[in-house]
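**Student:** my questions concern the predicted model and sequence given below.
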Amino acid sequence: MKVEVLKNILMELGVECARIIEEKVDLQFLALKNLYKNLGDDELFIKLVIANSIVSYQLSAKGEQWWLEFSNYFSRNYPKTTILRSYSEFLPKSKTNKRLIPSKLNRLERLEPFLMNLTLENFEGYYNNMLKFRNDLVRVMRAKEDAKTIVFAVKMFGYASRIVFKNFVPYPIEIPIPKDFRIENYTKRFTSENPVKFWERISKDVGIPPLHIDSILWPVLGGEEEVKKRLKEHCEKAELVLRLSSL
Ligand SMILES: Nc1nc2[nH]c(O)nc2c(=O)[nH]1
């Protein structure tokens, strides 16, 4: 059965392979590393990554292109005042995130007071307790626990913290997969069940947290040649990952 093949491949890949894909293959991680190097401000870097995740929906291009645009923009335009002000200049000029700008700015207005009170030390605490980070974000944003932008913000916060604190903390098993277009469509190949529920079960069966399953699937499902090239270069189990994408 197809679901059994999926589970067997995921078990063979494990969190170790997810980590390689995150750090060496996912173009979003590379975009973050580029911004980190150019910005030279650890605390602001993490805040920008969280803010950017919160407005990462209804994109006008692939997610990879949006994160590259974000990285290039803030590498050249250091936020001089508030994050909200910076985005009210950035979003109207963006080529890859053009829709629903007023709603996205409203979300940042809600987020900014929370971010303003956080130091690098607080972020280190949150990195070691990403469930608390998710729960605090849910409260501040008045969102659902499994809302796409919330769980996605945890994923990107994990990437940013890994770059800043230079250690790997696995994502908590309790945090669901971000239900975007790619994941929703891929899930339909296996079930008509709610994708969040489906991946929650698969995650428990194979012992890989849903956010790491997302990291294995999401880059390769985007169909970018650069991703396939990097996968073959860095991951010795590349063929298994490609098999997953064609199930
Ligand atoms: N499930 C995911 N959705 C995403 N959207 C976006 O811009 N990046 C991602 C991602 O990594 N996973």
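**Tutor:** Looks like it came in fine.

**Student:** what's the neighbour count on residue 101?
**Tutor:** Neighbours of residue 101 under the rule other Cβ atoms under 10 Å: 15. All C-beta spots, glycine's among them, are computed from the backbone N, C-alpha and C.

**Student:** what's the separation between the closest residue to it other than its chain neighbours and residue 247?
**Tutor:** Among residues not flanking residue 101 along the chain, residue 91 sits closest, at 4.9 Å (Cβ to Cβ, 6 or more residues apart in numbering). Separation of residue 91 from residue 247 (Cβ to Cβ, to the nearest Å) stands at 37 Å.

**Student:** just residue 18 next, same as before
**Tutor:** 17 Å.

**Student:** what's the answer for residue 12, then?
**Tutor:** 14 Å.

**Student:** cool, residue 24 as well?
**Tutor:** Residue 24 sits 23 Å away from residue 247, taking Cβ to Cβ as the criterion.

**Student:** how does the protein divide into domains?
**Tutor:** Domain ranges of the chain: 2-26+175-246, 30-165, per automatic domain parsing.

**Student:** turn these into a markdown table, columns for mean pLDDT.
**Tutor:** Putting the domains of the chain into a markdown table (pLDDT from 0 to 100) gives the following:
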| stretch | mean pLDDT |
| --- | --- |
| domain 2-26+175-246 | 97 |
| domain 30-165 | 98 |
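
**Student:** got the ones you listed as CSV, with distance to the ligand columns?
**Tutor:** Below are these laid out as CSV (distance: least, Cβ to the nearest ligand atom, whole Å):
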stretch, distance to the ligand
domain 2-26+175-246, 4
domain 30-165, 3
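
**Student:** quick check: which helices or strands does the helix or strand containing residue 159 pack against?
**Tutor:** According to DSSP states H and E, residue 159 maps onto helix 148-165. Packing contacts for helix 148-165, counted by 3 or more Cβ pairs under 8 Å, 6 or more residues apart in numbering; DSSP states H and E, involve helix 27-39, helix 42-54, helix 120-127, helix 130-141, helix 210-221.

**Student:** let's see 6 Å
**Tutor:** Contacts defined by 3 or more Cβ pairs under 6 Å, 6 or more residues apart in numbering; DSSP states H and E place helix 148-165 against helix 27-39, helix 42-54, helix 130-141.

**Student:** name the next helix or strand downstream of it, please.
**Tutor:** That would be, after helix 148-165 and using DSSP H and E, helix 181-187.

**Student:** now that following helix: how far from the chain's centre is it?
**Tutor:** Taking Cα atoms, centre = their mean, to the nearest Å, one finds the center of helix 181-187 at 15 Å from the center of the full chain.

**Student:** picking up where we left off before, for residue 170, find the nearest of the helices and strands packed on helix 148-165.
**Tutor:** Evaluated with Cβ to Cβ, those place helix 130-141 nearest to residue 170, the distance being 9.2 Å.

**Student:** hmm, who's touching that closest one?
**Tutor:** 110, 114, 126, 145, 150, 154, 172, 174, 175 (Cβ atoms under 6 Å, 6 or more residues apart in numbering).

**Student:** got the contact list for the last one?
**Tutor:** The reference is to residue 175. 134, 151, 154, 211.
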